[in-house]
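[1] One predicted model, sequence on top.
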Amino acid sequence: MGRTCQPARAVLAFLCALAPLAGQEVKVLERTLPNGFKVLLVERHDEPSIACGWVARAGSANERPGITGVAHLFEHMMFKGTRTIGTRDAVRDGELNRKQDEVMKTVRGEQALLRERLRRGEIQDLRDPAVRTPRLQAALAELDTLVKAQRELIVKDELMKLYGQAGGTGLNANTTMDRTFFHIDLPANKLELWAWLESDRLLNPVFREFYSERDVVLEERRLRVEATPTGKALETFQAMQWQASPYSWPVIGWPSDISSLTRDQADAFFSTYYAPGNITLILVGDFRADEAMATVTRYFGRIPGNPVPPPPVTVLEPPQGGEQRLVATVESMPFVLIAQKAVPAVHRDAAALDILSGILNGDSGRLKRALVQDRSVAVLAGSGFDGMKFGGVFRLYAAPVPGKAPEEMEGLLLEQVRAIQEQGVTDHELQKAKNQIAASMYRRMDSNADLRDQLAEAESAGTYRDFLEEPGLLQAVTREDVQRVARAYFALEGRNTLVVRRKEAK
Amino acid sequence: MIRPILLSLAAGLALQAQAIPPRPEAIAFKPLAFSVPKAGAFKADLSNGIPVYIAEEPDGLPFVRIRVFIKGGAYLDPAGKEGLAALAGAQLRAGGTLRTPAAALDERLEFLAASIQSSLGDTSGSVSLDILEKDLTEGLDLFMQVLTQPAFAPERLDQAKRAIRQNLASRGDKLESIAAVELPRLLYRAGHFTSAQPTAASVAALTREDLAAFHARLLHPANLVVSVSGKFQRKAMLARLDATLGRLKAGPAAKPSPVVPAPGALAKPGIYVVDKAVPQSLVQWALPGLRRTDPDWAAATVLNSILASGDFTCRLMKKIRSDEGLTYGIGGAFGEGSYWRGHWSGSFQTKNKSVAYALRLFLGELDRIKREPVPAEELGSIQNTIVEAFPARWGRKANVVNLFAGERLVGWPEDGWTDYRERIRAVTAADVQRVARTYLDPAKLVLLVVGKADEALAGDPEHPGPLAAVAPLPVVRLPLRDPLTLKPLS
């Protein structure tokens, strides 16, 4: 810690106050069940609740072109119930699912014909009811009948109801490029309910209402991407940044993939990636670890392990052939975003990149001082390092003052990096960034749910130990390290620049 | 080989003894006691009468959080100076203090990994400190400077005005920011602060003197309530607060903030459409509601939870999202009505052509809950959900003291939540039907649709019916506005 710098008295006091916390505050108990589940337990008794969750190391990076969005759609399907939950008649429900899948085969056959007509320019819109063939129209009508028959048997959203009545709050899930995370906060006496419901949906999931849920996801896509001013530009920018890497496609998927995903594809995704060996269970809160472990073992231990591990992501992103730019004219405040491809979250240079960002960022950081305060050319300026599992991005961004073009920000942002490449940073700046990052880490473990989420993120990019070791790694970063990463990761060949210009509303 | 076999036998017996129940309802849970925290247990008064809600967390992380709630805000903006409260609120912190220039304040707080934040909203605001326990003496000094001696540095004011201008210019970009301009204009009469919004001109006209005068007016002990939580000894913390905030005296310009004025005449019902070229429309609804102190509040809460909580279990989600796949989410709430009765309002987004069909389904659900008594099973399940989730609202100590302080500032009755669960339990199916019939009157609906107007008005050929046929309400097309002046664009 603090290898080369001579910390001033205040700094020493700061380190003294925080350093012991790293060891004392978070005691993570790690266990592994015989079938492969990893279990992380953190006892904290300050309030009578438990933050529960599990993370599957399966995200959009595990997809391939044609089935983009399957990880996210699958996340939605995990709320649709099981053989026990969500239906009055599991047998009849299963028959109706199979019949729906049969009809959907006809639908897909007809849609293939329509795609062919689209390719030849004979029709404009696949989804226009007017272009449907009679067979397609009949199949869709039959599907509608089957869906309505199934609806009679469905106990709507029973999982949510059971959790809600038990005092559960914050029930949700989310999917990223690297993982899918399912979580809920429960009163301390309801741990067994979590074990029951979660082990049940890992053991016996039924993906009912599959086809209408694709429409929900298409609406979600419109909400997040298509009906927002910068959604499409940012999606295109991401696709441009990554060439070989699966990070190039959006987590929510391309629209044509979402509307053609099949239940078989969801089944295959489940059996490959939702095996116990690919999942970490996490509990943080008011329980006794031995009792919690007994409950977890009893319920999750019944799920068969999969001897075949999921296929690894083997893609290594090749170097870019040069700098890339995207200029988007949309209805948005103008801004510029420079994204430099950097390293994964667990890379040995990640801590120095975090510190570099800390020094550039903030009210008293170099970017805001130069662009917003001294030169008055920007209304905001900042930076961030985002490390993912298989890669990372260091971002610089700024929005100009009225009357200035976003392009004018680019040189000024890069000038700040160049100053660090050439002259390095001061001891004071280094210590300030360390103080801020250390304190923000502790603030991020304030509540049980915060800590659970941090552990889940760490488990998706590496292991929870990375999270526990992070304070030490950050404190060990030197001025030389910061200067070295500033020199290493800002080459033109790793640079992607998004320029957003304002398009006036009509 | 004997031991392992014996062990697994024992394990097998244990497993048999605790078979997994066939359904989760069969699990027996240990009882969990929860009693609603009482405001009095957290309350203290400073020498000058400022109330403090205090919660110590001896085993918590080494941070201290202090928040001074301020009564005052945009409702005090003079005509032509819209945006004053918001700018003054932000510049308390951003503009530095008389003793510590803005840049030095930024630098020191960031070195200490601390934050001081300040803001003023429509009717209230706050200045807050979040700092490591060991730096409290210095932090409290800086905090008091921000609260009592702001400098409102001219260069920081200019910076902020440039940023606000860019933000104002973006008001027409997003569906929700267009709705945020239009809905208050539909719901509240012109001249009331709720529908008075800043323009580029009103912000440009604001001066350093305006900000200083606004601050001097608000800084009166009668306008302040304090919350504090974190790692400290209660007695020592109260002594510290009394030696700082407790010495605050009203200056010559300080005034207790006046009563927040009610808006008067309410909306003209109708379906209002703003044309915006996007593939999905935002739909917002509003109906006149009630106040939290109304005897029907508990029944209205249950009604909303059944119909529109936004959870998967509510009827609108089941119908419009889960059955029909028309939206990612739909939900609403009865506004608490801090100073006058609130609205029952909510929103959803759906592709343009589905707006009319989704609204028919929406109105169908409103009608159904008025016609048919809620089945006992559904009512009980919703009541359980509200009652059982209630303790989670009180989890963090900071939340508890902030809630008490905020309610004190508004003037809600103290300990209004104590019998909340009992009141929810007491709601009957007849109560739900009665409040539904009282408050869900489609003839009074204000519906705002922001999206591609032609498509939304025409409706979906697969579920025929234009938007105008959805309800016997006038359809009114609203123009887009110039985001800087808010004048209609031709």
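    Looks like it arrived, so ask away.
[2] tell me which element residue B:67 is part of?
    strand B:63-71 (DSSP states H and E).
[3] just so I have it, where are all the strands in the stretch 151-300 of chain B?
    B:224-230, B:270-275, B:280-288 (DSSP state E, counting those that start in this stretch).
[4] Would you mind listing what in the stretch 51-200 of chain B touches chain A?
    Residues of the stretch 51-200 of chain B lying close to chain A by CB under 8 Å from any CB of the partner chain are B:57, B:59-63, B:103, B:106-107, B:109-114, B:130, B:132-134, B:155, B:158-159, B:162-163, B:165-167, B:169-170, B:172-175. The way it works is simple: take the backbone N, C-alpha and C, and place the C-beta from them, glycine included.
[5] ok, so what distance separates the residue of the stretch 1-150 of chain B found nearest chain A from residue B:383?
    Closest residue of the stretch 1-150 of chain B to chain A, CB to the nearest CB: residue B:113 (3.4 Å). For residue B:113, the distance to residue B:383 equals 45 Å [CB to CB, to the nearest Å].
[6] Neighbour count: these two, which is higher?
    Between residue B:113 and residue B:383, counted using other CB atoms under 10 Å in any protein chain shown, residue B:113 has the larger neighbour count: 24 against 21.
[7] residue ranges with poor pLDDT in the chain?
    Reading this off chain A. Applying pLDDT under 70 to chain A flags residues A:1-25, A:505-506.
[8] Please refer instead to chain B.
    Ranges of chain B meeting pLDDT under 70: B:1-17, B:265-266.
[9] same thing but at 50, please
    Along chain B, segments meeting pLDDT under 50 span B:1-17.
[10] Find the residue at the geometric middle of it.
    residue B:335 (9.4 Å; CA atoms, centre = their mean).
[11] Leaving out sequence neighbours, find the closest residue to that residue.
    Spatial nearest neighbour of residue B:335, chain neighbours left out: residue B:342 (2.5 Å); criterion: CB to CB, 6 or more residues apart in numbering or on different chains.
[12] wait, which of the strands of the stretch 151-300 of chain B is closest to chain A?
    strand B:280-288 (3.9 Å).
[13] quick revisit: who are the packing partners of the strand holding residue B:67?
    Secondary-structure packing of strand B:63-71 (3 or more CB pairs under 8 Å, 6 or more residues apart in numbering or on different chains; DSSP states H and E): strand B:124-132, helix B:136-148, strand B:224-230, helix B:397-410.
[14] nearest to residue B:297, of the ones you listed?
    helix B:397-410 (14.3 Å; CB to CB).
[15] For chain A, tell me whether the closest one is touching it.
    No: counting by CB under 8 Å from any CB, chain A has no neighbours in helix B:397-410; the shortest distance is 8.7 Å.
[16] That helix: what's the following helix or strand?
    Using DSSP H and E, the first helix or strand after helix B:397-410 is helix B:420-425.
[17] packing partners for that following helix?
    Against helix B:420-425 (3+ CB pairs under 8 Å, 6+ apart) you get helix B:297-308, helix B:376-389.
[18] All set, thanks.
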